[in-house]
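*Asks:* Have a look at this prediction, sequence included:
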Amino acid sequence: QTYGDIQANHNDRYPDEPMLSYEQIKSRITTWTGVEAILVEMCSKSCTAFNGPFTDLEKCPYCTASL
């Protein structure tokens with residue numbers, strides 16, 4: 001949402017130099033680096049990601065916060 005708002009403001013102010021969309025930026029980064037985003041659930045306190053051995057957990061193994 002925030003990137004889209006910034007892009008819209010930029011494009012209104014500088015119509016001859018449009019800013020790339022968020023999807024265009026993600027696509028270029030993937031093309032240039034080979035790195036793709038991986039979306040996984042995270043502990044609300046950022047202790048751990050619920051992937052790999054933690055995929056089936058419903059609470060953080062470090063702080064016990066729920067998903």
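*Replies:* Nice, I can see it. Since the model is a prediction, treat every value here as computed from it, not as a measurement.
*Asks:* so where do the helices sit in this protein?
*Replies:* Using DSSP state H, the helices of the chain run over residues 2-13, 22-33.
*Asks:* Quick one: closest of these to residue 46.
*Replies:* Of all the helices of the chain, helix 2-13 sits nearest to residue 46, with 19.5 Å by Cβ to Cβ. Heads up, the C-betas are built off the backbone N, CA and C, glycines and all.
*Asks:* tilt between the closest one and helix 22-33?
*Replies:* With axes from the mean of the first three to the mean of the last three Cα atoms, to 10 degrees applied, the angle from helix 2-13 to helix 22-33 works out at 110 degrees.
*Asks:* Could you list the residues in contact with stretch 16-27?
*Replies:* 3-4, 6-7, 10-11, 28, 37 (Cβ atoms under 8 Å, 6 or more residues apart in numbering).
*Asks:* Can you add distance to residue 47 and give the helices of the chain back as a markdown table?
*Replies:* Compiled in a markdown table, the helices of the chain are given as follows (distance: least, Cβ to Cβ, whole Å):
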| stretch | distance to residue 47 |
| --- | --- |
| helix 2-13 | 25 |
| helix 22-33 | 27 |
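*Asks:* now those in TSV, with mean neighbour count?
*Replies:* Output for the helices of the chain, formatted as TSV (neighbours: other Cβ atoms under 10 Å):
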stretch	mean neighbour count
helix 2-13	11
helix 22-33	11
